[in-house]
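J.: Pasting the sequence and the predicted model now:
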Amino acid sequence: MLATASQRILGQSFQNIRPAVSVLRSYSSAAKQITVREALNSALDEEMSADPKVFLMGEEVGEYQGAYKITKGLLEKYGPERVLDTPITEAGFTGIGVGAAYYGLKPVVEFMTFNFSMQAIDHIINSAAKSNYMSAGQISVPIVFRGPNGAAAGVGAQHSQCYASWYASCPGLKVLSPYNSEDARGLLKAAIRDPDPVVFLENELLYGESFPVSDEVLDSSFCLPIGKAKIEREGRDVTITAFSKLVGYALKAAEILEKDGIYAEVINLRSIRPLDRSTINASVRKTNRLITVEEGFPQHGVGAEICASVVEESFAYLDAPVERIAGADVPMPYAANLERLAVPQIEDIVRAAKRACYRSVPLAATA
Amino acid sequence: MATAFSTAKFSTQPFPLNPTSTTSHDSSIVFARPTSQFLGSTRKFRLTSSSKFNLSRRSKTVVAVSDVVKQKKSKSSPSLLITKEEGLDLYEDMVLGRAFEDMCAQMYYRGKMFGFVHLYNGQEAVSTGFIKLLKQQDSVVSTYRDHVHALSKGVPARAVMSELFGKTTGCCRGQGGSMHMFSREHNLLGGFAFIGEGIPVATGAAFTSKYKREVLKEADCDHVTLAFFGDGTCNNGQFFECLNMAALWKLPIVFVVENNLWAIGMSHLRATSDPHIYKKGPAFGMPGIHVDGMDVLKVREVAKEAIGRARRGEGPTLVECETYRFRGHSLADPDELRDPAEKARYAARDPITALKKYLIENSLASEAELKTIEKKIDEVVEDAVEFADESPVPSRSQLLENVFADPKGFGIGPDGRYRCEDPKFTEGTAHV
């Protein structure tokens, strides 16, 4: 089960690991499957081991082993001084994290979901993001705010909002959103080592999913660059950008489209701020069509920014209007069928791609 | 003590509370509660004192300081509270604060300063009384009324004035402004515009001090943090959250309430269900003190005890200083709601005049010496204005600087390669 798997990762050196299952892709070295949860846990473990200034803070991160078990085993390993269970006081403990970061420590603050970060958003934006600028470089804030973002399953309106566009609009913050285990490990390690405030948006539904990782990813000094997107699947007909869970949907949509002869290029954004405009624009100049996919509300969303960027820089290359696929413009409903309608599905991506390629007759904006 | 409130004429109902014996009574009752409510990891975290420590004894000791101070202050007592050097030092600091703020007002009305400017006239005793007891490595976190906190902490008057003028020689190169004074060198961690925002940041700085001592094993790290905030902030949720966590984790912090009775135009009594702020300390397990904030010597005595407590690792203290601001909330505030009689009453208790009187009456300094100090401060402030006037405005390229600490930003290093691929980026060895 999960417990034994994580013990296997934490307890042994990585050179001795042999793959337990057959791999889906071929790497130069043998690949292993780890879940996103294990990836995050191992990243936190290694960073805390390497730098004694890193400490964790959040609700239920210690004795409960993490509300989603991301911080499992860390309390036993590092003690209560470095893995702090806080009272339910987001504004207070976020501010405490920021103050500790001002003074030289490296806190990793966990929000049980990013919806609760709204209680602490004053500290994320005003004390963390703006401080390096306001103090003219004297006070940097090497803090990481992490937690699940976006919709889960049936948790209702107040637990389902995606905050990528809110945080990504603020200068002074870096906003990252991983998709698979490799992203999770690399980006979290980069975030913890980064001297600036980083908002790390995970996804609850991805925690239990396994992805193959190479030995390079499992090395303790593995880091991914902040500000670079990854082209998950190359194509030539239409570019699909996505982040977090919807990268998986986009990849499945690309497989369906391939049967119809449309070869989609799927870009995993990884970094929402700074947005990798050059990769997106280079891809659009190759394929001439763009679909942006996100889970959050459509107005002022990540897709809106990508669309504006492409129109500014690659307008002459566009053969079709840029389409945004986003969550429905309503608070998340509870009923399961309505929830399915409120979040983008694979069929929506496929339909949009076909519209962009003029394969379906009505070029309507509404699905 | 609490009786100070009853003499004021406010337009609200009289207090339903008995003002005489509240403080010590409340503290002793509250500490009778068992302190082991927060079980689990916090038990192991308390490395310094056990939970069986007699907290009520400690609080009574702290409360009694104010009484001790009262005895000391009476003219018949032969021993004085301060030496001559300390007295002159305090006087100079308070005069600097006052002269600087007056000059700010002048400069604002001449158009050299702009935006929001909040002046500290009248409250100098609190800043001087507390901050002059700190070391350079101790930190101070303040609100938007932070010019004098910056000056007391040691930020040069030139740097503060240039910052207010928005020049590149300011302490934050003109990027912060009146409300956002930061100084890494003097450990002034801001300067926050939202009330209550500085309190968790101060609690975090105190947390770092404790973490450095206990986890990073810097054994002599006894840095204390002071958080300054006003009466309006004491109704804000973040204040209570931090009182809780500071007491829970026994952080070396002193929460200093500058209760000047007014939050812009909102009287403290109209906004607060129980106006006695010091009582909120014992509710969270820390001593709560009320002190006359117009008297720098009383403030200094209480500050010595509170800062000493924090340095010894005994935990946080809440100090309520009853003070008053002689000017409006900011330079844009017409200040129409405050009763002129109230203003006159507090003007008669001007902390600078009071200290002057004390120094002269106790033969610690002569009029001439104090006049010399005043002249010197006038010159310092004039020089600061000249310096700020002559300083250049920030260059255009400064607009985009300092958004991130990572200078080239975005994870790409100066050689164009990803920063994470640079061997030095992966510091330390992980033992997994």
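T.: Good, I have the coordinates.

J.: per-residue pLDDT, the closest residue to residue B:253 other than its chain neighbours?
T.: Nearest residue to residue B:253, sequence neighbours excluded (CB to CB, 6 or more residues apart in numbering or on different chains): residue B:206, at 3.8 Å. Glycine gets a C-beta too; all of them are placed from N, C-alpha and C. Listed pLDDT for residue B:206 reads 96.

J.: my guess is residue B:206 meets residue B:250, correct?
T.: No. Using CB atoms under 8 Å, residue B:206 is not in contact with residue B:250, being 9.7 Å away.

J.: and the stretch 101-250 of chain A, which residues reach chain B?
T.: For the stretch 101-250 of chain A, the residues in contact with chain B (CB under 8 Å from any CB of the partner chain) are A:101-105, A:122-123, A:126-127, A:131-142, A:171-172, A:174, A:186, A:190, A:193-196, A:220-221, A:223-228.

J.: Narrow these to those in helices?
T.: Among these, the members found in helices (DSSP state H) are A:101-102, A:122, A:131-134, A:186, A:190, A:193.

J.: returning to that earlier point: so among the residues of the stretch 101-250 of chain A next to chain B, which ones count as buried?
T.: Buried subset of those (neighbour count, 16 or more other CB atoms under 10 Å in any protein chain shown): A:101-103, A:105, A:122-123, A:126-127, A:131-142, A:172, A:174, A:186, A:190, A:193-196, A:220-221, A:223-228.

J.: Which stretches in the stretch 201-350 of chain B count as helices?
T.: Secondary structure of the stretch 201-350 of chain B (DSSP state H, counting those that start in this stretch): helices at B:237-249, B:268-271, B:280-283, B:296-312, B:340-347.

J.: how about JSON lines for these, with distance to residue A:113 and mean neighbour count added?
T.: Below are the helices of the stretch 201-350 of chain B laid out as JSON lines (distance: least, CB to CB, whole Å; neighbours: other CB atoms under 10 Å in any protein chain shown):
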{"stretch": "helix B:237-249", "distance to residue A:113": "19", "mean neighbour count": "23"}
{"stretch": "helix B:268-271", "distance to residue A:113": "33", "mean neighbour count": "16"}
{"stretch": "helix B:280-283", "distance to residue A:113": "30", "mean neighbour count": "22"}
{"stretch": "helix B:296-312", "distance to residue A:113": "35", "mean neighbour count": "22"}
{"stretch": "helix B:340-347", "distance to residue A:113": "49", "mean neighbour count": "13"}
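
J.: Where does the prediction get shaky in the chain?
T.: With no chain named, the answer covers chain A. The model of chain A has pLDDT under 70 over residues A:1-30, A:360-367.

J.: sorry, should have said chain B
T.: Using pLDDT under 70, chain B drops low at B:1-78, B:407-414, B:416, B:418-432.

J.: contacting residues for the residue nearest the centre of it?
T.: The C-alpha lying nearest the average C-alpha coordinate of chain B belongs to residue B:228 (CA atoms, centre = their mean; 3.2 Å). For residue B:228, the contact set (CB atoms under 8 Å, 6 or more residues apart in numbering or on different chains) comprises B:126-127, B:130, B:140-143, B:149, B:198, B:256, B:258.

J.: With residue B:203 instead?
T.: A:92, A:95-96, A:99, B:225, B:227, B:242, B:245-246, B:251, B:253.

J.: With distance to residue B:263 added, can I get the ones in helices among the residues of the stretch 101-250 of chain A next to chain B in JSON lines?
T.: What follows is these, written out as JSON lines (distance: CB to CB, whole Å):
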{"residue": "A:101", "distance to residue B:263": "29"}
{"residue": "A:102", "distance to residue B:263": "26"}
{"residue": "A:122", "distance to residue B:263": "18"}
{"residue": "A:131", "distance to residue B:263": "25"}
{"residue": "A:132", "distance to residue B:263": "30"}
{"residue": "A:133", "distance to residue B:263": "28"}
{"residue": "A:134", "distance to residue B:263": "24"}
{"residue": "A:186", "distance to residue B:263": "48"}
{"residue": "A:190", "distance to residue B:263": "43"}
{"residue": "A:193", "distance to residue B:263": "42"}
